[in-house]
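J.: My questions are about this predicted structure, shown below with the sequence.
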Amino acid sequence: MLVLGKTKPIKKTIVLLLLISYACKEQRKENVNVLHTDTEKLNLKGRIKSRTGYAIKDSVKTITFKDNFNEIGFLIERNIYNFYGNVWINETYDYKNNMLNKISSHFPKDNTLNIKQYTHNGNITTIHHYENTAATISEIEKFDLTKNKIYHAFITDQDTLSTFFKYDHANNLISETLYANNQQLIEDTKHTFNDYNLQVKTEKNNINCSGENTYYNVSYLYDDTNNKIGIKTYKNNILESEEKIIYNNKKNIEHQFFNKNTGTKIITYTYDSKENIITEQHEDLVTNRIDNTIYLIEYYD
């Protein structure tokens, strides 16, 4: 197994990424193109000024995150809150010529400040990470002429994780290969698209430290209006999970999850007039637990 150096700051980085992923939930648009704004990546519509998430439990509303955007659609501030409704992480985003220049992440509880400093040189971006002014890790990103990311490296004192990306003529991402120290293949992923540029299959091969392979095959099903209505995931050619998606007027209103043939979770959505999600209900069919989230969205116009 790959061991990354300087574990304390790396742990904090991983926790931050997991929290941001939780805040965004399942709305994030998969892409690696630098030209997409943050509202586009979050699959949000309209000129959004802010978006705030609240968890509802026993009729009590608790804030979980708040994102503030500029008029172009780029994130300028993000607050992530703990279970008591207090700011756990405050992030600010600085731009220069509409290019991300710096991300500052402040952890008020232990007064830690993490900095990600971006340097852009043609099609190459270098990112240096600091914790309270001490250098920790770095990243390198390379882009093609259409601003698609073609290379990403995550570098520590001990190791380098490198990912190479390839695209087809329609700029669809068709290949991702992940290496440790530029030689040990860890993960190989292939994406297949149909004539309508809809992704119909993903094949992923994971290789562990002993050289053993785990093969995943994901197939996607669409209706006549190109809405994604089904996802099946196979592990080593055995059905592992299935998803079904129900639409109303082209909006996803229900997402069903199955472990093989047994239902495990149902997520239902409601939307505002601009077709952005404003409520989510997560029903765990195994534990019978229901979690509700509401989103308060403020628009520039």
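T.: Yep, it's here. Numbering: from 1, shown residues only.
J.: check contacts around Lys142.
T.: Counting by C-beta atoms under 8 Å, 6 or more residues apart in numbering, Lys142 makes contact with Asn123, Ile124, Thr125, Lys149, Ile150, Tyr151, His152. Placement of C-beta: from N, CA and C, glycine included.
J.: between the residues you listed, which is nearest Ile231?
T.: Among the contacts of Lys142, Lys149 lies closest to Ile231 (C-beta to C-beta), at 24.4 Å.
J.: Tell me the bridge partners for the closest one.
T.: Phe143 (DSSP bridges).
J.: Equivalent analysis for Leu296, please.
T.: Beta-bridge partners, per DSSP bridges, of Leu296: Thr52.
J.: right, and it touches Arg51 too?
T.: Yes - counting by C-beta atoms under 8 Å, Leu296 does reach Arg51; the two are 7.4 Å apart.
J.: So between the two, which is more surrounded?
T.: Arg51 (25 against 12; other C-beta atoms under 10 Å).
J.: ok, the more buried one - contacts?
T.: Contacts of Arg51 by C-beta under 8 Å, 6+ apart are Leu42, Leu44, Lys66, Asp67, Phe69, Tyr295, Leu296, Ile297, Glu298.
J.: Distance-wise, check it relative to Asn43.
T.: Separation of Arg51 from Asn43 (C-beta to C-beta, to the nearest Å) stands at 12 Å.
J.: Could you list the low-pLDDT ranges of the stretch 51-200 of the chain?
T.: By pLDDT under 70, the low-scoring segments of the stretch 51-200 of the chain are 182.
J.: ok, which stretches of it are strands?
T.: Secondary structure of the stretch 51-200 of the chain (DSSP state E, counting those that start in this stretch): strands located at 60-69, 75-81, 87-96, 99-107, 112-121, 124-131, 134-143, 149-155, 160-167, 173-180, 184-193, 199-207.
J.: Reformat those strands into CSV and put distance to Phe257 next to each item.
T.: Shown next, in CSV, are the strands of the stretch 51-200 of the chain (distance: least, C-beta to C-beta, whole Å):
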stretch, distance to Phe257
strand 60-69, 22
strand 75-81, 25
strand 87-96, 28
strand 99-107, 32
strand 112-121, 34
strand 124-131, 35
strand 134-143, 33
strand 149-155, 30
strand 160-167, 28
strand 173-180, 24
strand 184-193, 22
strand 199-207, 17
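J.: just those strands: most buried one?
T.: Highest mean neighbour count of these: strand 75-81, a mean of 20 (counted as mean count of other C-beta atoms under 10 Å).
J.: got the angle for it vs strand 99-107?
T.: Relative orientation of strand 75-81 versus strand 99-107 (axes from the mean of the first three to the mean of the last three C-alpha atoms, to 10 degrees): 20 degrees.
J.: which strands and helices sit next to strand 75-81?
T.: For strand 75-81, the packing partners by 3 or more C-beta pairs under 8 Å, 6 or more residues apart in numbering; DSSP states H and E come out as helix 7-24, strand 60-69, strand 87-96.
J.: Go again with 7 Å.
T.: strand 60-69, strand 87-96 (3 or more C-beta pairs under 7 Å, 6 or more residues apart in numbering; DSSP states H and E).
J.: Kindly tell me how buried Phe74 is, as a neighbour count.
T.: 15.
J.: Report whether the expected contact of it with Thr39 is present.
T.: No - Phe74 is beyond contact range of Thr39, at 8.1 Å (criterion: C-beta atoms under 7 Å).
J.: okay, and the common contacts of these two?
T.: Counting by C-beta atoms under 7 Å, 6 or more residues apart in numbering, no residue touches both Phe74 and Thr39.
J.: So Ser104 sits against Gln117, correct?
T.: No - at 9.6 Å, Ser104 and Gln117 do not qualify as touching, with contact defined as C-beta under 7 Å.
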